[in-house]
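Trainee: Provide a 3D model corresponding to the input given below.
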Amino acid sequence: MMPQKMPGSINRLEELAYNLWWSWHEDARRVFRSLDYPLWKSSVHNPVKLLHQVSQETLLSAASDPAFLAQYDEAMAAFDAQMNAPSNWLKHPGGEPEHNPIAYFSMEFAFHNSLPIYAGGLGILAGDICKEASDMALPMVAVGFMYPQGYFHQHISADGWQEELYRQLDFEEAPISRVRSPDGGNVVAEVQLGDITLGLGVWLVRVGRTKIYLLDTNLERNPEKYRSMAARLYVAERDQRLEQEIILGIGGVRVLRALNISPSIWHVNEGHTAFMMLERVREKMAGGASFDDALNAIKATTVFTTHTPVMAGHDVFQLPVLQKYLSSYLKAFGPDRDRILQLGDENSRSDGQIFNMTAFALQTAAQRSAVSQLHETIAKKMWHGLWANVPEDEVPIKHVTNGVHVCSWVAPEIYHLFEKYLGADWTDHQDESKIWDRIMAMPNAELWTAHQALKRKLIGAMRESGRIRWVDDNIELKQVLANGVLFDNEALTIGFARRFTEYKRPALLFRDIERLKRIINNPFRPVQIVFAGKSHPADLASKQLLQHVHGLAMQKDFQGRMAFVEDYDMHIARYLVQGVDVWLNTPRRFQEASGTSGMKASLNGVLHLSVPDGWWLEGYNGANGWSIASDFGPPRTGTAEDEADSKSIYELLEEEVSPLYYRRDRNGIPHGWIRMAKEAMRSVIPVFSARRMLKDYTTKMYLPALGVTSPQVS
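Mentor: Residues are numbered from 1 along each chain as shown. Now for the predicted structure:
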């Protein structure tokens with residue numbers, strides 16, 4: 001609760017602050033920003049923290065200010081309209097499961113930087129799905145973990161080494177609220193691990209109409225070891241990782257039951273949460289069903305999405321370890337105990353002593369999805385062993401290509417241009433390709449002016465970050481330079497921001513370092529490159545790779561045109577995808593299932609430069625960005641692939657990207673560049689929006705899980 005008493009005329013500010021709906025509605029953000037801008041800025045755009053710190057005098061002043069009240073009333077009217085809007089986008093004979101929602105389970109969720117319980121792309125996608133479900137009034141609840149230390153904050157030392165800092169979340173200043181059990185206590189459900197019975201607490205996050213329930217083991221009744229078990233995301237210690245996944249899957253089901261929520265569809269986002277199906281099979285058998293009937297019933301209403309196109313990326317546990325933690329639990333399956341465990345056999349090992357979470361999920365879900373067209377092909381090949389009796393192309397895995405929540409990632413400057421030239425209701429039609437044809441009539445000068453403003457914001461934020469670190473952290477001057485303080489607002493700026501790991505090849509640009517220097521330091525067409533990203537704390541090779549790239553970025557020969565922005569998170573990501581000119585993506589082929597950062601860039605008119613992998617294989621049309629080494633024949637591997645791709649990047653920068661960017665008219669407008677930016681928006685936004693994605697999930701996965709075969713989408 002807030003320490004201040006809200007004046008009557010603005011007494012719903014607290015309600016608005018505790019619903020992350022404000023995070024993707026500019027009118028709502030404007031309310032908090034205009035209430036106290038210095039606090040809004042210092043809170044890193046966290047209205048809960050702002051309301052805890054704002055003075056009573058400021059609240060009273062705002063409550064009697066006609067201009068502020070007009071903003072407040074407008075935002076609350078929009079909020080109420082969306083919270084109460086009927087779900088009329090989808091019609092089908094079975095009616096809508098308003099009282100029996102879709103339950104969406106994920107190991108991480110990313111909604112806003114004020115709730116840092118995410119590590120990367122998987123969480124961003126999960127958050128975007130929850131937001132879009134709210135926008136579409138699609139009945140959904142979600143289940144995840146509350147990580148009070150979240151993922152780590154990144155600090156780069158003077159020698160370029162990543163240091164991890166963990167900060168305890170201040171629950172009083174986060175947009176969350178405690179869920180109480182029916183008797184008013186903190187324990188909502190219980191889960192047994194070996195001979196220990198743990199109580200589970202629950203936190204509620206409101207994301208528009210969507211409710212997210214986050215599990216918490218930090219309760220007084222639990223042993224100290226288990227109170228801190230879920231403090232951090234993606235721990236490296238295997239036993240602890242298994243414990244987390246047991247609690248999330250089994251405990252998540254029990255929490256929903258305790259809250260009297262009876263989902264009609266269960267959606268498993270990656271294999272981490274697959275024990276959810278185990279618990280539901282146990283429930284059915286406890287009710288008298290045979291193992292086969294229970295399994296078939298659970299499969300029928302379960303949707304599973306796999307995101308990982310390499311076997312090493314899937315969670316695998318030794319069967320004896322699994323049995324140790326589930327010894328008592330597995331007794332409920334009686335003589336079928338071994339049959340349930342066999343569902344986790346990936347059919348690639350002869351000893352049968354492993355349990356693969358993805359294999360288990362694939363065999364306990366009737367609706368299975370990859371996250372791009374190409375990923376579907378890869379997934380069918382990877383998991384063919386589970387269906388060895390059918391041809392590879394008939395393996396029952398479909399695809400729903402990822403999309404992004406447009407209103408969360410579009411810059412306000414671009415949003416207002418869309419309102420002006422597409423219509424005030426453009427968000428209601430964002431997945432309709434025909435409305436995006438209108439964007440070609442948008443004046444080039446207006447789009448260029450908006451983009452330049454966003455670029456100045458990005459570079460200004462980088463300079464401010466460098467200044468603050470120099471003053472507050474007493475860093476060396478060369479580290480200040482590495483923050484991009486010498487960047488030029490007018491120079492072509494390329495962004496490379498993603499998780500630092502070898503397969504994403506962040507060092508590919510430096511393969512011919514002398515050629516790169518010539519490109520960057522071209523006196524007539526200079527180029528700037530900004531890097532950002534984190535390595536997993538336990539991945540020494542990736543941390544060494546990050547150190548290598550950071551060291552290169554600080555070389556004087558690049559004349560201050562290289563930068564590495566620390567502590568990459570959603571806040572920084574927005575500056576980058578909205579403010580750079582080119583978004584660079586260089587994964588090894590077939591190792592990026594989809595990717596979404598390039599979609600976010602494209603919707604802001606930032607041009608994508610990527611290898612033809614993941615979503616870009618579907619999205620690239622020859623006029624909306626560039627494809628790296630797309631014509632060198634069959635995919636190569638290792639050194640040959642690196643050589644071909646690096647040469648292609650250099651050639652594209654020298655012969656196409658830089659010349660097009662610097663080709664201006666007398667007023668300084670690069671018309672060719674802007675035409676390509678418009679084409680990027682026109683071709684990418686409707687096809688790679690979360691709206692299209694969630695409609696695809698509904699028609700391809702959710703409705704079949706309900707037994708509906710001929711849905712009508714309005």
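
Trainee: which residues touch the residue nearest the centre of the chain?
Mentor: For the chain, Ile124 is the residue whose C-alpha lies nearest the centre (C-alpha atoms, centre = their mean; 1.1 Å). Ile124 is in contact with 110, 118, 570, 596, counting by C-beta atoms under 8 Å, 6 or more residues apart in numbering. C-beta here means a position set from N, CA and C on the backbone, and glycine is covered the same way.

Trainee: Please repeat the previous calculation with a cut-off of 7 Å.
Mentor: Ile124 makes contact with 110, 118, 596, according to C-beta atoms under 7 Å, 6 or more residues apart in numbering.

Trainee: repeat for Pro412
Mentor: With C-beta under 7 Å, 6+ apart, Pro412 has these contacts: Glu26.

Trainee: Which pLDDT does the model give it?
Mentor: Per-residue pLDDT puts Pro412 at 96.

Trainee: cool, and Pro47?
Mentor: Value for Pro47, per-residue pLDDT: 96.

Trainee: Make CSV out of the contacts of Ile124 and add neighbour count.
Mentor: Formatted as CSV, these follow (neighbours: other C-beta atoms under 10 Å):
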residue, neighbour count
Ala110, 26
Tyr118, 26
Thr596, 24
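
Trainee: Please enumerate the helices of the stretch 501-650 of the chain.
Mentor: For the stretch 501-650 of the chain, the helices defined by DSSP state H, counting those that start in this stretch occupy 513-520, 540-553, 570-579, 597-603, 616-619, 638-652.

Trainee: Name the secondary structure element that contains Leu447.
Mentor: Element membership of Leu447 [criterion: DSSP states H and E] is helix 444-472.

Trainee: Please give the number of neighbouring residues around the nearest residue to Gln82 once chain neighbours are set aside.
Mentor: Nearest residue to Gln82 in three dimensions, chain neighbours excluded: Gly208, at 6.6 Å (C-beta to C-beta, 6 or more residues apart in numbering). Number of residues near Gly208 (other C-beta atoms under 10 Å) recorded here: 23.

Trainee: can you give me the strands in the stretch 301-450 of the chain?
Mentor: Counting by DSSP state E, counting those that start in this stretch, residue ranges of the strands within the stretch 301-450 of the chain are 302-305, 316-318, 354-356, 367-370, 398-399.

Trainee: For these, give me CSV that also has mean pLDDT.
Mentor: Output for those, formatted as CSV (pLDDT from 0 to 100):
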stretch, mean pLDDT
strand 302-305, 98
strand 316-318, 93
strand 354-356, 94
strand 367-370, 98
strand 398-399, 98
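
Trainee: Let's have these in CSV, adding mean neighbour count.
Mentor: Shown next, in CSV, are the strands of the stretch 301-450 of the chain (neighbours: other C-beta under 10 Å):
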stretch, mean neighbour count
strand 302-305, 26
strand 316-318, 17
strand 354-356, 22
strand 367-370, 24
strand 398-399, 19
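
Trainee: Can you tell me which of the helices of the stretch 501-650 of the chain is most buried?
Mentor: helix 597-603 (a mean of 27; mean count of other C-beta atoms under 10 Å).

Trainee: Check which residues of stretch 145-160 are buried.
Mentor: 145-154, 156, 160 (16 or more other C-beta atoms under 10 Å).

Trainee: again with stretch 489-501
Mentor: 491-501.

Trainee: Same question for stretch 319-326.
Mentor: Here stretch 319-326 shows 319, 322-323, 325-326 as buried, counting by 16+ other C-beta under 10 Å.

Trainee: from those residues, which is closest to Thr306?
Mentor: For the buried residues of stretch 319-326, the minimum distance to Thr306 (C-beta to C-beta) is 20.1 Å, reached by Leu322.

Trainee: correct me, but that closest one touches Ile354?
Mentor: No. Using C-beta atoms under 7 Å, Leu322 is not in contact with Ile354; the gap is 9.1 Å.

Trainee: quick one: the helices in the stretch 151-300 of the chain?
Mentor: With helices called from DSSP H, counting those that start in this stretch, the stretch 151-300 of the chain shows them at 224-227, 238-246, 252-258, 275-286, 291-300.

Trainee: Taking helix 238-246 as reference, get the angle to the fourth one.
Mentor: Read that as helix 275-286. If you take axes from the mean of the first three to the mean of the last three C-alpha atoms, to 10 degrees, helix 275-286 sits at 60 degrees to helix 238-246.

Trainee: which residue sits closest to Glu172, ignoring its sequence neighbours?
Mentor: Nearest non-adjacent residue to Glu172, counting by C-beta to C-beta, 6+ apart: His52, 6.7 Å away.

Trainee: hang on, the earlier thing: mind checking which of the helices of the stretch 501-650 of the chain is nearest His405?
Mentor: When the helices of the stretch 501-650 of the chain are compared by C-beta to C-beta, helix 597-603 sits nearest His405, at 9.3 Å.

Trainee: Give me the next element, helix or strand, following the worst-scoring helix or strand of the chain on mean pLDDT.
Mentor: Taking mean pLDDT, DSSP states H and E as the measure, strand 90-91 is the helix or strand of the chain with the lowest mean score, a mean of 47. The C-terminal neighbour of strand 90-91 among helices and strands, as given by DSSP H and E, is strand 102-106.

Trainee: Paired strands for that next one, with orientation please.
Mentor: strand 140-145 (parallel), strand 265-269 (parallel) (DSSP bridges).

Trainee: Turn those strands into CSV, columns for distance to Gly288 and mean pLDDT.
Mentor: Formatted as CSV, the strands paired with strand 102-106 follow (distance: least, C-beta to C-beta, whole Å; pLDDT from 0 to 100):
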stretch, distance to Gly288, mean pLDDT
strand 140-145, 26, 96
strand 265-269, 21, 97
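
Trainee: Tell me which residues touch Glu243, please.
Mentor: By C-beta under 7 Å, 6+ apart, the contact list for Glu243 reads 193, 229, 325.

Trainee: do Ser535 as well
Mentor: 162, 500-501, 542-543, 546.

Trainee: quick check, nearest of the residues you listed to Val606?
Mentor: Closest to Val606 out of the contacts of Ser535 is Phe500 (20.8 Å), distances taken as C-beta to C-beta.

Trainee: tell me the pLDDT at the closest one?
Mentor: 88.

Trainee: re earlier: between the strands paired with strand 102-106, which one is nearest to Met277?
Mentor: Closest to Met277 of the strands paired with strand 102-106, according to C-beta to C-beta: strand 265-269, at 7.2 Å.

Trainee: now the angle between helix 291-300 and the closest one, please.
Mentor: With the same axes, to 10 degrees defining the directions, strand 265-269 sits at 80 degrees from helix 291-300.

Trainee: does Gly495 really touch Val580, like I thought?
Mentor: Yes. Counting by C-beta under 7 Å, Val580 is a contact partner of Gly495 at 3.6 Å.

Trainee: where do the contact lists of these two overlap?
Mentor: Residues touching both Gly495 and Val580 by C-beta under 7 Å, 6+ apart: Val530.
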